[in-house]
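J.: predicted model and sequence below, questions to follow.
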Amino acid sequence: MTGENVNTVQHPTLELSSLDNLWFQVAGTLCNLKCNHCFISCSPTNDKFGMLSLSTVERTLEESVKYGVKEYYYTGGEPFMNAEIIPMLSATLRYGPATVLTNAILISDDMTEQLADIEASSSYSLEIRVSLDGFTPEMNDPIRGHNTFKRTVDGIRRLVKVGFLPIITAVKTWDDDRDLEVIGGFLQQMLDIGYSRPRLKLIPTLRIGAEPQRTHGYLEGEEITLDMMDGYDASQLICSNSRIMTDKGLYVCPILIDADDAKLGETLEDGLKPYELKHRACYTCYMSGAICSNASSSGEKLFAEKLSAHQ
Amino acid sequence: MNFNGQTYRRIAAFGGVYSNHIALEAMLNDVVHRDVEAIFCLGDLGAFGPHPNKVFSLLVQGGVNVMQGNYDNSIGNHLADCQCGYTDPRDNYFAKLSYDYTYANTDAQWKWWMKSLPTEFRIRLGRYNLLMCHGSPRKMNEFLWESTTPAHFLKKLTVDYHADVILAAHTGIHSYRALPQDKHFVNVGVIGRPANDGNTNVWYTLLTADEGLDVEFIPLHYSYRALAEEMNEEKLPAEFIETVETGWWTTCLEILPAKERKRGKW
């Protein structure tokens, strides 16, 4: 379920301006958790997408050079369920910076040492983005599962101990008027566990996959129309600068892998074609800017007024 | 590509003045003794510091070739913010304070001047085709951090933009990358605030083309206490003054990649 439209509204088509960000769906849709807001419904049993192999990653890394890829991202499912994740990250850091999106539960003491070693031996950054959806068990566990708060916080503590500054990534499941309280709560929680320089990234919910059962899906009119692109900075949309490699081929973006039309082919060259922004989830990217990358975005702020006028 | 700029053997380049007129004056006095043929500023004239008007006449009278940075583009075009793209509420709070102060204290004639500045320079430095930009050749506010910019990406930029050497600034931290086939990327550093290394000096760059390309980063010491005093009188945030006095960045930290962030204190 990707919130696909069935109406006759015309949607814009977006060219790939440059392949800056290359993603690897390294653990497919397999995850050690089953979060009730997951936009691709990952779980221990969802094998719609499987594990990527080291050889596929190495071949794609080499292909990426001619396109001038700037940053490499690893996601799943849970990337650390892939037994080859450490050699994959090690290989990546010979090409450029790597970011891995994880719940940190499976990162053992031994693994943190290995990660620290490969990070230290590269001139490029290795970012660890750790998903945590509340600053207390009461806030986090109903979304991510029983006892996941404690296990993820333990993982963060292990990463901090060896020198990482993980980016704590929270899906914004609370109302805007609680922002300051929640952000303050996250930062205090991190300080309490000895993470003295916490980094926090908030991302919006994507109302596809499991999320519509938790809250609701997209509403009437929540889609990108042709006129909405007038004056809009299209570089805010991940599909203008990114593609994702899965075990089933190359897709347009990490959010839409459940959509059949999001598959563009088998190689990076196949991914150079434009893409029609017809999915409801595209609306969230439009509203919130570059939600997937580490890079910050001012998309929401800049275009709130424009959207308000449109609606 | 037509390289119709002038040919030089030795130049000086810097970015990020950030209204630090004391460091700018010190730099102009220092460079007199460096045997350079031209001086280039890669933009971001305002932010952080006091009395933004003071830097413009220094640049003009010093014969500096000045380029537009994202800050200058914003001030010159009366935009709402500096286009650095912060999402962290704390970074946005300080960025807004800085931007509002700079905008309010910049005379209209200089806003117009900044709006009219070029966005790139192309010259020859010895045998090298040299391209200067603020952030990257393709986007004024793109950050090319040392730890998140692959060599193959930089090499592609040199091909796409027909340059042997690319100079940029914007990040605030100087660096040099020698690339295959005698191509080069240099972040020339900034003179407006320290390089987040615990030292109060700032940095500019000398480039010389003789046998090959020689890149020399020059540590510039200036009266940072006098700057801090002016900032205090102007009631600029204590966090900005702390950076001047300690050499550690205290704001705009969200944009730093992991390696650069770890090297800092905050």
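T.: Here it is on my side, so go on. Residues are numbered from 1 along each chain as shown, chains lettered A, B, ... in the order given.

J.: near chain A, which residues of the stretch 1-150 of chain B?
T.: B:81, B:83, B:85-89, B:138-139, B:143, B:145-150 (Cβ under 8 Å from any Cβ of the partner chain). Placement of C-beta: from N, CA and C, glycine included.

J.: show me where pLDDT drops low in the stretch 51-200 of chain B?
T.: B:85-87 (pLDDT under 70).

J.: residue boundaries of the helices in it?
T.: Secondary structure of the stretch 51-200 of chain B (DSSP state H, counting those that start in this stretch): helices at B:54-61, B:70-76, B:89-104, B:108-115, B:151-160.

J.: out of those helices, which one sits most buried?
T.: A comparison of the helices of the stretch 51-200 of chain B by mean neighbour count, using mean count of other Cβ atoms under 10 Å in any protein chain shown, puts helix B:70-76 on top with a mean of 24.

J.: ok, back up a step: out of the residues of the stretch 1-150 of chain B next to chain A, what pair is the most spread apart?
T.: Between all members of the residues of the stretch 1-150 of chain B next to chain A, the longest pairwise span (Cβ to Cβ) is found for B:P89 and B:P150 and amounts to 31.3 Å.

J.: what helix or strand does B:I22 sit in?
T.: helix B:21-31 (DSSP states H and E).

J.: B:E233: neighbour count?
T.: Neighbour count for B:E233, taken as other Cβ atoms under 10 Å in any protein chain shown: 10.

J.: my error: substitute B:V32 in the last question.
T.: Neighbour number of B:V32 under other Cβ under 10 Å is 10.

J.: now do the contacts for it.
T.: Neighbour list for B:V32: empty [criterion: Cβ atoms under 8 Å, 6 or more residues apart in numbering or on different chains].

J.: one more: B:S147?
T.: A:97, A:123-125, B:257-260.

J.: what do you get if the cut-off is 10 Å, keeping everything else the same?
T.: A:96-97, A:122-127, B:175, B:256-263 (Cβ atoms under 10 Å, 6 or more residues apart in numbering or on different chains).

J.: which residue ranges of the stretch 201-311 of chain A form strands?
T.: Applying DSSP state E, counting those that start in this stretch to the stretch 201-311 of chain A gives strands spanning A:242-246, A:249-251, A:263-265, A:275-276.

J.: which one of those is the most hemmed in?
T.: strand A:242-246 (a mean of 25).

J.: shaky segments in chain A?
T.: Using pLDDT under 70, chain A drops low at A:1-7, A:290-291, A:293-311.

J.: surely B:D35 meets B:T208?
T.: Yes - with contact defined as Cβ atoms under 10 Å, B:D35 reaches B:T208; the gap is 9.1 Å.

J.: name the nearest residue to A:L52, sequence neighbours excluded.
T.: A:V26 (4.9 Å; Cβ to Cβ, 6 or more residues apart in numbering or on different chains).

J.: could you do A:S53 as well?
T.: Nearest to A:S53 is A:E84, by Cβ to Cβ, 6+ apart, at 7.2 Å.

J.: which of the residues in stretch A:54-64 are buried?
T.: Of the residues in stretch A:54-64, A:54, A:56-57, A:60-61, A:64 count as buried by neighbour count, 16 or more other Cβ atoms under 10 Å in any protein chain shown.

J.: quick check: pLDDT value at the spatially most central residue of chain B.
T.: In chain B, the residue lying closest to the centroid (Cα atoms, centre = their mean) is B:G15, at 2.0 Å. pLDDT recorded at B:G15 is 98.

J.: tell me who's in contact with it.
T.: Taking Cβ under 10 Å, 6+ apart as the definition, contacts of B:G15 comprise B:40-45, B:67, B:69, B:132, B:134-135, B:167-172, B:174, B:187-192, B:203-205.

J.: can you get me a residue count around B:H221?
T.: Per other Cβ under 10 Å, the neighbour tally for B:H221 reads 12.

J.: my guess is B:I123 meets B:Q6, correct?
T.: Yes - B:I123 lies in contact with B:Q6 (Cβ under 10 Å); the separation is 5.7 Å.

J.: which neighbours do those two have in common?
T.: Joint contacts of B:I123 and B:Q6 (Cβ under 10 Å, 6+ apart) are B:38, B:65.

J.: which one's more surrounded, these two?
T.: Between B:I123 and B:Q6, B:I123 has the larger neighbour count (other Cβ under 10 Å), namely 21 against 13.

J.: how about the more buried one, what does it touch?
T.: So B:I123 contacts B:3-8, B:11, B:38, B:40, B:65, B:129-132, B:165, B:167 (Cβ under 10 Å, 6+ apart).

J.: apply 7 Å and report the result again.
T.: B:5-6, B:8, B:130 (Cβ atoms under 7 Å, 6 or more residues apart in numbering or on different chains).

J.: follow-up on the earlier one: for B:D35 and B:T208, indicate the residue with more neighbours.
T.: Neighbours per residue, other Cβ under 10 Å: of B:D35 and B:T208, the larger number sits with B:T208, 19 against 11.

J.: for the host helix or strand of the more buried one, packing partners?
T.: Using DSSP H and E, B:T208 falls within strand B:202-209. Contact partners of strand B:202-209 among helices and strands, from 3 or more Cβ pairs under 7 Å, 6 or more residues apart in numbering or on different chains; DSSP states H and E: strand B:10-14, strand B:213-220.

J.: buried deepest among these, which one?
T.: strand B:10-14 (a mean of 24).

J.: next, the angle helix B:21-31 makes with that one.
T.: Put simply, strand B:10-14 runs at 170 degrees to helix B:21-31, going by axes from the mean of the first three to the mean of the last three Cα atoms, to 10 degrees.

J.: and the pLDDT at the nearest residue to B:S223 once chain neighbours are set aside?
T.: Computed as Cβ to Cβ, 6+ apart, the closest residue to B:S223 that is not its neighbour in sequence is B:I22, at 5.5 Å. pLDDT, B:I22: 98.

J.: Provide a list of residues in contact with B:I22.
T.: B:222-223, B:226-227.

J.: what is the end-to-end distance of stretch B:101-118?
T.: 24 Å (Cα to Cα, to the nearest Å).

J.: and the stretch 151-266 of chain B, which residues reach chain A?
T.: B:152-153, B:156, B:254-255, B:257-259, B:261-262, B:266 (Cβ under 7 Å from any Cβ of the partner chain).

J.: keep only those of the residues you listed that are in helices.
T.: Counting by DSSP state H, the part of those found in helices is B:152-153, B:156, B:258-259, B:261-262.

J.: show me where chain A has helices.
T.: Under DSSP H, chain A gives helices at A:54-64, A:85-92, A:109-120, A:137-144, A:148-161, A:179-192, A:211-214, A:280-288, A:299-310.

J.: which one of the contacts of B:I123 is nearest to chain A?
T.: Using Cβ to the nearest Cβ, B:L130 comes nearest to chain A of the contacts of B:I123, at 20.3 Å.

J.: what's the local residue count around that closest one?
T.: Neighbours of B:L130 (other Cβ under 10 Å): 27.

J.: also the one 4 residues further on?
T.: Other residues near B:H134 come to 29 when the count uses other Cβ under 10 Å.

J.: likewise B:E37?
T.: Neighbours around B:E37, by other Cβ under 10 Å: 12.

J.: next one: the one 5 residues further on
T.: Taking other Cβ under 10 Å as the neighbour definition, B:L42 ends up with a count of 29.

J.: mind checking pLDDT for it?
T.: pLDDT, read off for B:L42, is 98.

J.: for it, what are its contacts?
T.: Shown in contact with B:L42 (Cβ under 7 Å, 6+ apart): B:13, B:15, B:67, B:69, B:132, B:134, B:167-169, B:188.

J.: and the gap between the closest residue to A:I255 other than its chain neighbours and chain B?
T.: Spatial nearest neighbour of A:I255, chain neighbours left out: A:A281 (5.3 Å); criterion: Cβ to Cβ, 6+ apart. A:A281 sits 20 Å away from chain B, going by Cβ to the nearest Cβ, to the nearest Å.
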